[in-house]
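>>> Sharing a model that was predicted from the sequence below.
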Amino acid sequence: KTKKISRETSLLRATTHATPVPPFPGRTSRVTITLASLARRISRPALDALSHGAPSSPRGICNSGTHPNRHLRGMASWAPALFGDTLVAEGGSEVKTEDALKDKIVGVYFSAHWCGPCRQFTPKLIEAYDKMLGDPAKPFEVIFVSGDTDEAGFKEYFGSMPWLAVPFDDEKRRDALNEYFGVQGIPHFVMLTPELKMINPNARGSVMSDPACEEFPWRPSLVTDVDEDCEGVNETTTVVLLMEECGDDWDDLTAAITAVAKDVKDAEEARGEDERSTLFMTVTETGGGIGAQLRKLCGLGRAASGVPQLVLLDLGVGGYVKLESKAVTKDAIATLLADYRAGKLELQSPNAAR
């Protein structure tokens, strides 16, 4: 039997990812990741009223790689339905959405001027945008969806940006976009194809780690480091390999978890599944950060020299499973995941937050 966790139980204090912000519907700070907030299933009505009756995906989010409405694949149909007929450009002028986004890879940026982490990420995104501006090999446009509480704040913040924005006075659409893309905290950055298929629902970490834009359009990595990019851990079963003191074995361990991640991704694609059912992450840094909190709250103790540890997190349910074997191999990782999927393993409750 799985166990539900109380709202007060804190799993990870991601202080390196955000700072406290005032409450604002649909734009919650990611200061503290709590089991309750992760397990909570927010009602996500899609853009039915805004998109002329186009039905949503079952979860109200644009599924990775798939249009919510499969028969509407053209930009002409979907860009105005999703973002409105017009967008705001620099200087406050209006542009037609269909014309502005034609044949462009689209980044959707949820942000606000009062958010500290947003003010840190925005300059990085501007650098990337300017770097690719005019490059025919990298056609790119960004749409800002404001979380500001007043128009003055929006205008001041948007005035520093070189891209487009959803009109501030269209609050209904802004809120609907937050719901549609499942935004739980800002800054949040989504990447879409020119046909508005999902490329990456959480691309912020990819942008930050690729200043040269060599990895554009920033497709999700099979394996990420929790202290660099833990996006998606809230909603998706996640296998985490802790190997802080295993420097001599890093290459072999990374190869093992990457091989399992590739097998899982290939199987998902073969089944025609659009969303990733499992994420794979590593912990490589000692000291503070998310990895340290994970160790405390899963009762893993301190990292020991040459001893990797493996945990499976299912925060949507509210718990974790540890690999009991000391041998962390490809087969061991795959078996842990398979046994959990088969219902052979029981989730454990995390220790109370300290």
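Perfect, I can see it now.
>>> how about the helices in the stretch 51-200 of the chain?
75-83, 97-101, 116-132, 151-158, 171-180 (DSSP state H, counting those that start in this stretch).
>>> Tabulate these (JSON lines), appending mean neighbour count, mean pLDDT and distance to Val317.
Just so you know, the C-beta spots here come from the backbone N, C-alpha and C atoms, and that holds for glycine as well. Shown next, in JSON lines, are those (neighbours: other CB atoms under 10 Å; pLDDT from 0 to 100; distance: least, CB to CB, whole Å):
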{"stretch": "helix 75-83", "mean neighbour count": "21", "mean pLDDT": "71", "distance to Val317": "31"}
{"stretch": "helix 97-101", "mean neighbour count": "19", "mean pLDDT": "95", "distance to Val317": "38"}
{"stretch": "helix 116-132", "mean neighbour count": "17", "mean pLDDT": "96", "distance to Val317": "28"}
{"stretch": "helix 151-158", "mean neighbour count": "16", "mean pLDDT": "96", "distance to Val317": "38"}
{"stretch": "helix 171-180", "mean neighbour count": "19", "mean pLDDT": "95", "distance to Val317": "22"}
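>>> For Gly107, find the nearest of those helices.
Gly107 sits nearest to helix 116-132 of all these, at 7.6 Å, using CB to CB.
>>> how far is that closest one from where the chain is centred?
Averaging C-alpha positions (CA atoms, centre = their mean, to the nearest Å) puts helix 116-132 17 Å from its chain's average.
>>> Which strands and helices lie in contact with it?
strand 105-111, strand 140-146, helix 204-208 (3 or more CB pairs under 8 Å, 6 or more residues apart in numbering; DSSP states H and E).
>>> Switch those over to a markdown table; also include mean neighbour count, mean pLDDT and distance to Gln309.
Output for these, formatted as a markdown table (neighbours: other CB under 10 Å; pLDDT from 0 to 100; distance: least, CB to CB, whole Å):
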| stretch | mean neighbour count | mean pLDDT | distance to Gln309 |
| --- | --- | --- | --- |
| strand 105-111 | 24 | 98 | 34 |
| strand 140-146 | 23 | 98 | 39 |
| helix 204-208 | 22 | 89 | 23 |
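>>> Reformat these as TSV; add distance to Met161.
Shown next, in TSV, are the helices and strands packed on helix 116-132 (distance: least, CB to CB, whole Å):
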stretch	distance to Met161
strand 105-111	8
strand 140-146	6
helix 204-208	14
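>>> ok so, going back, can you list the helices of the stretch 51-200 of the chain in a markdown table and add distance to Gly343?
Formatted as a markdown table, the helices of the stretch 51-200 of the chain follow (distance: least, CB to CB, whole Å):
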| stretch | distance to Gly343 |
| --- | --- |
| helix 75-83 | 38 |
| helix 97-101 | 45 |
| helix 116-132 | 38 |
| helix 151-158 | 48 |
| helix 171-180 | 32 |
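>>> now the nearest residue to Phe181 once chain neighbours are set aside, which residues is it bridged with?
In this structure, Phe181 finds its nearest non-sequential neighbour in Val190, 5.4 Å apart by CB to CB, 6 or more residues apart in numbering. Val190 has these beta-bridge partners by DSSP bridges: Val108.
>>> Run through the residues that contact Val190.
Shown in contact with Val190 (CB atoms under 8 Å, 6 or more residues apart in numbering): 107-108, 110, 181, 198, 200-203.
>>> the strands in the stretch 151-300 of the chain, which residues?
For the stretch 151-300 of the chain, applying DSSP state E, counting those that start in this stretch gives strands covering 164-165, 188-192, 198-200, 223-225, 237-242, 278-283.
>>> average pLDDT for the fifth one?
It refers to strand 237-242. Averaging pLDDT along strand 237-242 yields 96.
>>> helices and strands around it, which ones?
By 3+ CB pairs under 8 Å, 6+ apart, strand 237-242 packs against helix 250-270, strand 278-283, helix 290-297, strand 309-314, helix 330-341.
>>> Return the set of buried residues in stretch 335-342.
Within stretch 335-342, the residues that count as buried by 16 or more other CB atoms under 10 Å are 336-337, 340.
>>> how about the strands of the stretch 151-300 of the chain in CSV, adding distance to Ser93?
Below are the strands of the stretch 151-300 of the chain laid out as CSV (distance: least, CB to CB, whole Å):
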stretch, distance to Ser93
strand 164-165, 10
strand 188-192, 23
strand 198-200, 28
strand 223-225, 39
strand 237-242, 44
strand 278-283, 41
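>>> which stretch among those strands comes nearest Leu310?
Among the strands of the stretch 151-300 of the chain, strand 237-242 comes nearest to Leu310, with 5.5 Å by CB to CB.
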